[in-house]
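Chemist: Sequence isn't available, so here's the structure alone:
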């Protein structure tokens with residue numbers, strides 16, 4: 001059989017590629033044998049070299065992180081010493097405003113964008129000295145809100161602070177360094193505080209206000225100038241930082257082309273300090289804004305980094321893959337270093353190209369040797385080749401005669417025996433095949449079980465769609481309008497295809513018949529609960545006791561809506577939780593009424609209740625909606641459904657249905673449907 005398999009593969013490949021000569025067939029056979037081994041060797045070498053490159057890159061990134069952290073630490077010490085030195089001068093302690101103004105103005109003339117403030121400790125506080133232009137109206141607004149600033153309250157209690165705040169002067173975020181000015185010399189460097197991490201605002205306000213604090217000096221460094229102020233931009237010019245680049249343009253995190261490298265500086269309170277990216281927020285930039293970039297998977301890494309964790313990993317989004325290293329700078333700041341894998345593995349890819357070239361040259365040498373050394377093969381092999389070619393095209397009526405008892409004769413007999421067995425097998429399969437006409441007939445019968453048109457009433461709008469994954473589906477929806485009540489049903493039979501579709505017809509018929517039998521009795525909420533509960537319980541008992549050998553079951557959501565009052569009673573039997581879109585937000589109808597029906601005889605189900613307001617939209621769906629797969633095998637998910645419903649403007653039930661299906665189709669992007677998909681949108685309008 002192994003000889004036949006190799007002969008069949010060679011004959012099939014030769015017929016497909018129109019290779020007729022013996023030399024060509026031998027070359028093709030050797031190619032089929034050698035190429036996988038060469039590819040495997042190339043792959044193994046590439047993986048090994050890549051792992052070594054990753055390890056070396058981690059060490060190099062760690063070294064560069066330590067260099068950057070050292071530079072930031074030295075800068076922080078210098079800033080602290082400058083502010084502390086100013087706070088200890090006699091002019092600041094005595095509050096001599098002309099001298100303070102002259103000192104701060106002199107510092108500002110050095111070309112820095114730093115903004116200096118000198119505040120009184122009076123109630124309310126007064127901005128006595130400042131640098132930079134400011135109108136009287138703006139000054140008044142700032143003084144009114146200053147007392148509520150956390151850093152100012154911390155300074156009144158003797159704490160110096162580092163904190164990123166939104167400056168009302170510049171209208172932009174800035175790094176704020178606040179330092180209390182003590183009447184007694186030598187107290188300026190006693191205590192520092194990181195608000196939010198070391199002490200909450202509540203704990204801070206419990207601290208007593210210091211009577212020996214005569215004023216507060218505040219330094220505001222705009223975040224857009226932080227790279228230049230800290231020396232990071234100059235540091236990136238250092239030859240020792242040859243992996244990273246500090247010239248990332250604005251909005252580089254949203255550039256679909258990706259970027260080569262980046263350095264991100266975050267605080268332990270989750271603020272983005274560097275680089276100066278044009279984030280969507282007009283307030284202090286937060287790491288949560290990373291979720292809206294082309295690299296959303298960076299958000300959990302930033303969350304770990306802000307907690308001081310140090311690690312090396314990789315992230316991939318939108319076709320780009322990055323090596324990531326986090327490093328703690330100090331108790332308040334952490335670094336995130338990103339390096340595009342393309343840049344890190346450029347040498348690896350060059351080596352892979354050389355290996356591929358070497359492999360191609362090896363195959364070429366083999367082909368030359370075959371062309372030179374090969375000779376005509378014996379006639380029996382030629383006969384076998386033609387027979388295999390016929391078999392590969394589906395002709396199993398070939399006749400091959402074996403005249404010898406050697407390996408060639410055995411090969412020919414195996415070819416003939418295989419042709420005979422394939423012919424017999426084809427006849428057997430054909431006799432049991434389900435024709436397309438039979439499938440189309442079954443599909444048409446199943447469509448008859450779904451409502452051709454849904455009930456209509458001035459008090460509501462309703463739309464429903466069911467898409468089978470195969471020719472025949474196992475999901476269904478149904479609706480019964482009786483008296484003051486509209487009864488909604490969405491269900492999903494396990495598995496998919498013809499067997500599930502057969503059980504679907506039984507489940508659907510049992511539930512609908514019981515609703516129609518007792519629908520006219522529904523005159524109040526209690527009776528509605530009784531009718532839908534008994535419809536589920538009786539169907540469950542029947543299927544579990546009579547059809548349980550096949551272990552088929554169905555998940556069901558059934559709801560009775562009072563068309564006049566909006567009262568909603570429902571049973572969720574193992575089904576996906578529907579989403580109720582109210583004017584005030586989203587609500588999941590997650591109350592579980594019982595297990596899927598058809599498994600456990602005697603199961604009892606509970607009814608949950610809710611109340612609809614005019615305009616509320618109820619979206620009921622099967623798991624095929626949230627499990628819809630993208631080409632990358634990523635599920636659409638409940639969160640995407642919630643986000644869609646939360647953001648869309650509701651005009652009608654049909655508009656909502658079109659929006660949902662369009663979003664799912666965009667996510668699938670032409671990928672095969674994973675499961676049967678059913679959606680019902682019910683909008684209650686009120687009376």
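Modeler: Sure thing, it's come through. Treat the numbers as computed from the prediction; the structure is a model and nothing was measured.
Chemist: which non-adjacent residue is nearest residue 648?
Modeler: residue 659 (5.4 Å; C-beta to C-beta, 6 or more residues apart in numbering). Glycine gets a C-beta too; all of them are placed from N, C-alpha and C.
Chemist: Only the buried residues of the helix or strand encompassing the one you found, if you could.
Modeler: For residue 659, the host element (DSSP states H and E) is helix 653-668. Within helix 653-668, the residues that count as buried by 16 or more other C-beta atoms under 10 Å are 653, 655-657, 659-660, 663-664, 667-668.
Chemist: a markdown table for those, including pLDDT and distance to residue 286?
Modeler: Converted to a markdown table, these look like this (pLDDT from 0 to 100; distance: C-beta to C-beta, whole Å):
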| residue | pLDDT | distance to residue 286 |
| --- | --- | --- |
| 653 | 94 | 37 |
| 655 | 95 | 34 |
| 656 | 95 | 32 |
| 657 | 95 | 36 |
| 659 | 95 | 30 |
| 660 | 95 | 31 |
| 663 | 95 | 27 |
| 664 | 95 | 31 |
| 667 | 95 | 27 |
| 668 | 93 | 33 |
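Chemist: In a markdown table, list those residues along with distance to residue 255.
Modeler: Shown next, in a markdown table, are those (distance: C-beta to C-beta, whole Å):
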| residue | distance to residue 255 |
| --- | --- |
| 653 | 40 |
| 655 | 34 |
| 656 | 34 |
| 657 | 35 |
| 659 | 29 |
| 660 | 31 |
| 663 | 25 |
| 664 | 28 |
| 667 | 23 |
| 668 | 26 |
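Chemist: I'd like the distance between the closest residue to residue 543 other than its chain neighbours and residue 677.
Modeler: Closest residue in space to residue 543, ignoring its immediate chain neighbours: residue 598 at 3.9 Å, by C-beta to C-beta, 6+ apart. Distance, residue 598 to residue 677, using C-beta to C-beta, to the nearest Å: 21 Å.
Chemist: Between the two, which has more neighbouring residues?
Modeler: Applying other C-beta atoms under 10 Å to residue 598 and residue 677 shows that residue 598 carries more neighbours, namely 30 against 26.
Chemist: for the stretch 251-400 of the chain, what spans make up the helices?
Modeler: Taking DSSP state H, counting those that start in this stretch, the helices of the stretch 251-400 of the chain run over residues 298-306, 341-344, 346-373, 379-392.
Chemist: any idea how far the third one is from the chain center?
Modeler: In other words, helix 346-373. Computed by C-alpha atoms, centre = their mean, to the nearest Å, the chain-centroid distance of helix 346-373 equals 41 Å.
Chemist: buried stuff in it?
Modeler: The neighbour-count check on helix 346-373 (16+ other C-beta under 10 Å) flags 348, 351-352, 355, 359, 367, 370 as buried.
Chemist: any idea which helix or strand comes after the worst-scoring helix or strand of the chain on mean pLDDT?
Modeler: Least confident helix or strand, the chain: helix 2-17 with a mean of 54, by mean pLDDT, DSSP states H and E. Downstream of helix 2-17, the next assigned helix or strand under DSSP H and E is helix 22-87.
Chemist: Quick one: name whatever helix or strand follows that next one.
Modeler: helix 90-94.
Chemist: What is that following helix packed up against?
Modeler: With contacts taken as 3 or more C-beta pairs under 8 Å, 6 or more residues apart in numbering; DSSP states H and E, helix 90-94 sits against helix 97-108, strand 173-182, strand 213-222.
Chemist: got the buried residues for that helix?
Modeler: Here helix 90-94 shows 92-93 as buried, counting by 16+ other C-beta under 10 Å.
Chemist: again, but for stretch 579-590
Modeler: In stretch 579-590, residues buried by neighbour count (16+ other C-beta under 10 Å) are 579-581, 589.
Chemist: right, and residue 298 touches residue 324 too?
Modeler: Yes: using C-beta atoms under 8 Å, residue 298 is in contact with residue 324, at 7.5 Å.
Chemist: what is in contact with the two at once?
Modeler: When contacts are counted by C-beta atoms under 8 Å, 6 or more residues apart in numbering, residue 298 and residue 324 are jointly contacted by 315, 336, 338.
Chemist: For the last one, give me its contacts.
Modeler: Applying C-beta under 8 Å, 6+ apart, we find residue 338 in contact with 259, 261-264, 298, 322-324.
Chemist: What pLDDT is listed against it?
Modeler: Residue 338 is assigned 86 on the pLDDT scale.
Chemist: From residue 218, how far out is the closest residue to residue 123 other than its chain neighbours?
Modeler: Of all residues not flanking residue 123 in the chain, residue 147 sits nearest, at 7.3 Å (C-beta to C-beta, 6+ apart). Taking C-beta to C-beta as the measure, residue 147 falls 14 Å from residue 218.
Chemist: List of residues touching stretch 497-508?
Modeler: Looking at stretch 497-508 with C-beta under 8 Å, 6+ apart, the contacting residues turn out to be 442, 446, 449, 470, 472-476, 478, 491, 493-494, 539, 543, 547, 550, 552, 554, 556, 597-598.
Chemist: Pull out the buried positions in that stretch.
Modeler: If you call a residue buried by 16+ other C-beta under 10 Å, then stretch 497-508 has these buried ones: 498, 500-508.
Chemist: Please apply the same query to stretch 204-222.
Modeler: So for stretch 204-222, counting by 16+ other C-beta under 10 Å, buried means 204, 210, 213-222.
Chemist: tell me the domain ranges of this structure?
Modeler: Domain assignment for the chain by automatic domain parsing gives 99-228, 236-343, 440-684.
Chemist: Tell me which strands the following helix or strand past the helix holding residue 659 pairs with, and in which orientation.
Modeler: For helix 653-668, the following helix or strand on the C-terminal side (DSSP H and E) is strand 677-684. Neighbouring strands of strand 677-684 in its sheet, by DSSP bridges, are strand 460-467 (antiparallel), strand 617-621 (antiparallel).
Chemist: Now tabulate the buried residues of stretch 579-590 in CSV and tack on distance to residue 105.
Modeler: Listed next are these as CSV, based on distance: C-beta to C-beta, whole Å:
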residue, distance to residue 105
579, 60
580, 62
581, 58
589, 65
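Chemist: Make JSON lines from the residues you listed and add distance to residue 76, pLDDT and secondary structure to it.
Modeler: Shown next, in JSON lines, are those (distance: C-beta to C-beta, whole Å; pLDDT from 0 to 100; DSSP: H, G, I helix; E, B strand; the rest coil):
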{"residue": "579", "distance to residue 76": "49", "pLDDT": "96", "secondary structure": "strand"}
{"residue": "580", "distance to residue 76": "51", "pLDDT": "96", "secondary structure": "strand"}
{"residue": "581", "distance to residue 76": "49", "pLDDT": "95", "secondary structure": "strand"}
{"residue": "589", "distance to residue 76": "53", "pLDDT": "94", "secondary structure": "coil"}
